[in-house]
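> Need coordinates for the following:
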Amino acid sequence: MSLKLHNLKPAPGAKTDKKRVARGDRGRGGKTAGRGTKGTGARGTVPENFEGGQLPLVRRQPKRPGFNNPNKVVYSVINVSRLEDAFEAGDEVTVDVLRERGLVKKKGPVKVLGHGDLSKALTVDVDKVTATAREKITAAGGSVS
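Coordinates of the predicted model:
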C-alpha cells in the first residue's frame, strides 16, 4: 500500500467521540457536566486578568503617570568649582550665604558635589557633602562640618 493523502488515517485509539454531557440531572454527565459545583472551573470563559472579585491591578494603580514619594529628600546641589569662583580664601560657606549670592535657588537642604578643583581654604557648613568634595575641601586646607 502506497503512502498517499487519501490513504492516511489516524492511529487506532487516537480519535474518540466527543462526550455528550449536561443532558438533564438523570443522565450520565448531567447537571454540572463533570465540572463540579461553582468556582472558576465550572464557569464558561473567565478573563485571564480576573482576580476573583478583588479590585483588579489596573484599577489599583495611580491614574496619573509617575509616582511622587512624599518622603524623598531633594537636595539643591552645588559643585566645588562654583565655590572656587564665588568665595575668597577663609570664607565660611553656609546655606544662607549660598542663597544670598544666588548660587542655590531652591528651598530645602543643600549638598556639595566634588566636580571641579578647589585651591582655597573654605569652611563649609551645609547639609550634605560627598566624599570627593570632602577630600578636595580638606586637601585645600579647609574644613567640613
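> Now do the longest helix seen in the chain, average pLDDT.
Longest helix of the chain, by residue count under DSSP state H: helix 131-139. Mean pLDDT, helix 131-139: 94.
> Mind listing residues that contact it?
With contacts defined as CB atoms under 8 Å, 6 or more residues apart in numbering, helix 131-139 is touched by 80, 112, 113, 114, 117, 118, 122, 124, 129, 143, 144. C-beta coordinates here come from the backbone N, C-alpha and C atoms, glycine included.
> What's the mean pLDDT across the next helix-or-strand element following that helix?
Using DSSP states H and E, the helix or strand that follows helix 131-139 towards the C-terminus is strand 143-144. What strand 143-144 shows for mean pLDDT is 92.
> and what of stretch 90-109?
Stretch 90-109 carries an average pLDDT of 91.
> Compute the first-to-last residue distance for it.
Length of stretch 90-109, first residue to last, CA to CA, to the nearest Å: 23 Å.
> hmm, back to that, out of the contacts of helix 131-139, which is most surrounded?
residue 112 (27 neighbours; other CB atoms under 10 Å).
> so which helix or strand takes in that one?
Judged by DSSP H and E, residue 112 forms part of strand 110-113.
> before we move on, back to that, could you redo the contacts of helix 131-139 as TSV and give each row distance to residue 6?
Below are the contacts of helix 131-139 laid out as TSV (distance: CB to CB, whole Å):
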residue	distance to residue 6
80	87
112	87
113	81
114	83
117	89
118	91
122	96
124	93
129	87
143	97
144	92
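> for the residues you listed, which one is nearest residue 62?
residue 113 (32.0 Å; CB to CB).
> who's that closest one bridged to?
residue 79 (DSSP bridges).
> just the strands in the protein please.
Here the chain has its strands, by DSSP state E, at 76-79, 92-94, 110-113, 123-125, 128-129, 143-144.
> Just checking: what are the partner strands of the last one?
Okay, so that is strand 143-144. strand 123-125 (parallel).
> what's in contact with the strand it pairs with?
Contacts of strand 123-125 (CB under 8 Å, 6+ apart): 83, 90-95, 112, 137, 142-145.
> Residue 103 is in contact with residue 82, isn't it?
Yes: counting by CB atoms under 8 Å, residue 82 is a contact partner of residue 103 at 6.1 Å.
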